[in-house]
Every structure is written in structure tokens, then in C-alpha cells.
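Asks: Need coordinates for the below:
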Amino acid sequence: MSGPLSHVRVLDLSRILAGPFAGQILADLGADVIKVERPVTGDDTRHWGPPFLGGKDGETGDAGYFLAANRGKRSVQADLSTPEGQALVHALAAGSDVVIENYKTGGLSKWNLGYADLRAIRPDIVYCSITGFGQTGPRSGQAAYDFMIQAMGGLMSVTGEADGYPGAGPQKVGIPVVDLMTGMYAVIGILAALARRSQTGEGEHIDLAMMDVMVGSLANQAMNYLVSGDPPRRAGNKHPNIQPQDVFPCRDGHIVIVVGNDGQYARFCEAIARPELAVDPRFLTNGARVRNQAQLLPEIIAALAADDMAVWVRRLEQAGVPCAPINTAPDALADPQVVHRQMLVHLDHPVAGRLPMVASPLRFSNAPIRYDRPPPLLGQHDEEIRDEVGR
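Replies: Purely as a prediction, here's the structure:
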């Protein structure tokens with residue numbers, strides 16, 4: 001026994017990212033996650049490269065995209081459109097606690113694999129359906145991808161440089177953030193349903209829409225609009241409600257400064273040798289700084305131009321002012337704090353040998369996460385899984 005979910009079996013019928021990412025989180029937590037894939041081609045993301053594991057030509061391994069969301073699972077091949085494939089899923093569902101799927105609304109029901117079908121086999125099943133727009137509504141039958149939902153859900157309207165500045169225009173976030181947030185919400189919903197099942201004995205059908213996740217994650221930007229009536233706009237790296245928070249140029253690069261309250265602001269002014277800015281009535285409170293940032297920011301930029309980024313990082317950290325260099329992915333993985341937290345793990349892959357992977361951020365004192373299974377090869381566990389259910 002290892003991991004808080006070592007008693008749970010998950011049937012993962014999903015592909016691409018949101019569903020598989022949810023399945024990987026559950027696998028990291030100890031669940032036995034069985035990934036059902038199309039024969040021959042498997043999950044689409046196995047081919048979403050380069051880069052590919054073990055080479056750049058795509059013939060030597062799976063794409064990095066697939067590897068990022070499928071650790072800890074067992075892979076079995078099945079054509080869900082055939083009676084044989086459906087029979088395998090039915091047999092697996094009988095012994096599973098959770099099903100994750102991200103087919104179009106109603107897509108699995110035509111193959112006798114919808115919630116009602118699997119509930120008839122396992123009455124207390126927790127069945128999580130992930131779609132672009134949900135099981136109901138005028139868009140319920142439409143397909144969706146992360147990029148679309150970032151645009152439709154309002155995220156791109158507040159991401160990117162402000163109009164009138166170089167490079168102005170809407171931008172998507174550099175990672176598929178809606179897919180990832182949807183995967184995390186899926187895990188939250190699944191865990192809540194399992195907790196309720198332990199009390200009532202009832203299963204659940206979770207209807208999770210990427211669009212709902214995106215709108216729900218607008219958070220302060222949505223509330224800013226609902227409170228003021230003014231639509232939030234792109235502001236580059238400037239925070240809409242707290243100042244100074246921005247990317248600032250130094251003598252040899254750029255630094256992120258995140259002043260969160262008036263006390264930090266006073267210490268910040270001392271650290272940059274501009275104590276008079278701390279008592280200037282225009283900048284005395286956060287509200288005043290937000291309103292008068294057009295006058296404040298040039299003063300800060302002029303002060304920071306006097307020295308290098310490393311000097312300012314050290315000086316501001318000593319003053320207790322949150323700040324950071326802008327790291328690349330290699331920089332972030334090599335950061336001493338990240339190394340100390342063991343955020344890079346190595347798994348034994350059947351083709352690639354030692355495979356480096358980014359670890360789960362979860363830490364448990366009594367049920368530590370173990371990394372026993374690398375992302376599976378397509379159909380790697382066909383024989384053992386079919387043997388387990390007599391198929």
C-alpha cells in the first residue's frame with residue numbers, strides 16, 4: 001500500500017490533456033489508472049511533436065506532450081466502436097471506482113459506454129465527463145481546445161501588452177492552462193464524489209466543462225468588472241489592483257517586483273535609495289499607487305537602471321521585498337529551492353532508460369508519493385489487463 005488513493009481504480013478513457021492530466025494526478029496519489037487507447041495510434045498526443053523521446057524524427061518514442069500527462073498508468077488497446085472493445089470496457093468498469101472520459105457530449109452513449117450504461121454495471125461508479133462546453137446548452141455538441149477556450153472565456157482579453165505599447169495585442173498563456181486547470185478541477189470533483197460515496201453509497205456523474213472552468217477562473221478580473229462595470233483590459237505585466245507589481249528593466253536585464261502592501265512598499269523605497277517615494281502623498285497607499293502609477297513607475301525604472309539584476313535581487317530579498325529573476329525552464333529546474341524540493345524525478349522507461357520527469361507538487365508525511373511507473377508504451381499492459389478481467 002502506498003499513496004492515499006492506493007485503494008482506488010480509475011478507468012481512463014480520455015485523451016489529449018485535461019483528462020489524462022487528471023488521471024496522472026490520481027496515479028501519483030496511488031490509484032491504479034488503466035488508460036484505454038485506440039489500437040495502433042493511441043492517444044493523439046503520442047504524436048504531438050517534436051520533440052520525441054529518444055530522438056527528433058518521431059520514430060523512436062512518444063512525444064514529450066504525451067509523457068507530461070500519462071505517468072503512472074497502465075495502457076491497454078481497445079476499439080470502443082466494436083463489441084469486443086465495449087465488452088472490455090464493461091469488464092474493466094465492473095472493477096473500477098472512477099471513469100474519466102472526454103468524448104463529445106453523448107459520444108460514448110452510442111457505444112453503450114455512457115454514464116447510464118456503466119452505472120448499470122457498477123451502480124456506485126464515479127463518472128467524470130470532460131467536454132469543451134458541458135453536457136447541456138447551445139454549444140454542448142461542439143468540440144473545443146485549450147486555445148479556443150482561452151479566447152472565448154476572456155483570458156486572452158486580459159493577457160498581453162496594453163494597447164499603445166510595443167507588442168500590444170491579445171496573447172494566450174504559454175502553457176495549456178485551461179486544460180491543466182480542468183484536469184485539477186476534475187480531480188477535485190472526483191475526490192469529492194468518492195468522499196460522498198463513502199457516506200451514502202451513491203455514485204456520481206460529474207459534468208465538467210472547460211468553458212466553465214475558464215470563466216470560473218477569471219477570479220479578481222471578473223469581480224473587478226462585476227463591481228465596477230468596467231471591462232478589464234490587457235495591462236502587460238502590470239497588476240490591475242496592486243502597485244508596484246511589474247517587470248522592471250535593470251542595468252543588465254529584467255526583474256519582477258511584487259510589492260503586496262504598504263509596509264513592503266516602504267522597505268522597497270529604502271532598498272532602491274528613494275525613501276522620499278514612500279512618503280509622497282501620491283504613492284502613500286496602494287490605492288494611490290494604482291491611480292498614480294504613470295508617475296510612480298518612471299521613478300522606479302530610473303532607480304533600478306543604476307545596478308545589475310543580481311544586485312537588486314539580493315538587496316530586495318534582504319529587505320523582505322518579494323522579487324524574482326525571469327528564469328527559463330532550465331533555470332527553474334536548476335533553482336536550489338526546486339532541487340531541494342526534489343521536483344525532478346527519474347523513472348526507468350522500457351525504451352529510453354532513465355527518463356527525467358517533473359514530480360508532483362504534493363507532499364504527504366504519512367503516505368508519500370511513489371513513482372513506480374513511467375508513461376506506458378501503447379498497449380504495454382494489454383496482456384496483463386485482459387488477463388485480470390478474463391478478456
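
Asks: Tell me where the longest helix sits in the protein.
Replies: helix 177-200 (DSSP state H).

Asks: Which positions within that one qualify as buried?
Replies: By neighbour count on 16 or more other C-beta atoms under 10 Å, the buried set for helix 177-200 is 177-183, 185-187, 189-191, 193-194, 197. Where C-beta positions appear, they are placed from N, C-alpha and C, glycine not excepted.

Asks: now do stretch 108-121
Replies: Buried-residue list, stretch 108-121, by 16+ other C-beta under 10 Å: 108, 111-115, 117-119.

Asks: Just the ones in helices from those residues, please.
Replies: Per DSSP H, the buried residues of stretch 108-121 map to helices at 115, 117-119.

Asks: Throw those into TSV and include distance to Arg363 and pLDDT, thanks.
Replies: Supplementary listing: those in TSV, determined by distance: C-beta to C-beta, whole Å; pLDDT from 0 to 100:
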residue	distance to Arg363	pLDDT
Tyr115	34	98
Asp117	39	98
Leu118	34	98
Arg119	35	98
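
Asks: Identify, from those, the entry nearest to Asp280.
Replies: Of all these, Tyr115 has the smallest distance to Asp280: 61.5 Å, by C-beta to C-beta.

Asks: ok, now which ones touch that closest one?
Replies: Contact analysis of Tyr115 by C-beta atoms under 8 Å, 6 or more residues apart in numbering lists 125, 127, 129, 205.

Asks: nearest spatial neighbour of the residue lying farthest from the centre of the chain, skipping sequence neighbours?
Replies: Here the chain reaches farthest from its C-alpha mean at Glu276, the gap being 42.4 Å by C-alpha atoms, centre = their mean. Spatially, and ignoring its direct neighbours in sequence, Glu276 is nearest to Cys269 (7.7 Å; C-beta to C-beta, 6 or more residues apart in numbering).

Asks: Next: Val76.
Replies: The nearest residue in space to Val76 (C-beta to C-beta, 6+ apart) is Ile385, at 4.3 Å.

Asks: Please name every helix or strand in contact with the helix or strand hosting the one you found.
Replies: Using DSSP states H and E, Ile385 maps to helix 382-389. Where contact means 3 or more C-beta pairs under 8 Å, 6 or more residues apart in numbering; DSSP states H and E, helix 382-389 is packed against strand 73-77, helix 83-94.

Asks: In CSV: those, plus mean pLDDT, mean neighbour count and distance to Thr285.
Replies: Formatted as CSV, the helices and strands packed on helix 382-389 follow (pLDDT from 0 to 100; neighbours: other C-beta atoms under 10 Å; distance: least, C-beta to C-beta, whole Å):
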stretch, mean pLDDT, mean neighbour count, distance to Thr285
strand 73-77, 98, 23, 52
helix 83-94, 98, 18, 59
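
Asks: Of the ones you listed, which is nearest Asn220?
Replies: strand 73-77 (35.9 Å).

Asks: that older thread, would you check which pair of the buried residues of stretch 108-121 lies furthest apart?
Replies: Between any two of the buried residues of stretch 108-121 (C-beta to C-beta), the greatest distance is 15.2 Å, for Trp111 and Arg119.

Asks: The residue nearest to Val247 when sequence neighbours are not counted and Lys172, how far apart?
Replies: Residue nearest to Val247 in three dimensions, not counting chain neighbours: Asn237, with 4.4 Å by C-beta to C-beta, 6+ apart. The spacing between Asn237 and Lys172, counted by C-beta to C-beta, to the nearest Å, is 16 Å.

Asks: So those two - more neighbours on which side?
Replies: Remark: of Asn237 and Lys172, Lys172 carries more neighbours, 17 against 13, as counted by other C-beta atoms under 10 Å.

Asks: Could you grab the helix/strand/coil label for Asp129?
Replies: That one is not Asp; residue 129 is Ser. With DSSP: H, G, I helix; E, B strand; the rest coil as the basis, the three-state label of Ser129 is strand.

Asks: what about it, neighbour count?
Replies: Other residues close to Ser129 by other C-beta under 10 Å number 26.

Asks: Please state the backbone phi and psi of Asp212?
Replies: Asp212 adopts backbone torsions of phi -60, psi -40, taken as degrees, to the nearest 10.

Asks: residue nearest the centroid of the chain?
Replies: Leu180 (2.7 Å).

Asks: Show the contacting residues for it.
Replies: 17-18, 21.

Asks: Out of those, list just those in helices.
Replies: Judged by DSSP H, the subset of the contacts of Leu180 located in helices is 18, 21.

Asks: now, which of the contacts of Leu180 sits nearest Pro232?
Replies: Using C-beta to C-beta, the contacts of Leu180 come closest to Pro232 at Ala18, 25.3 Å.
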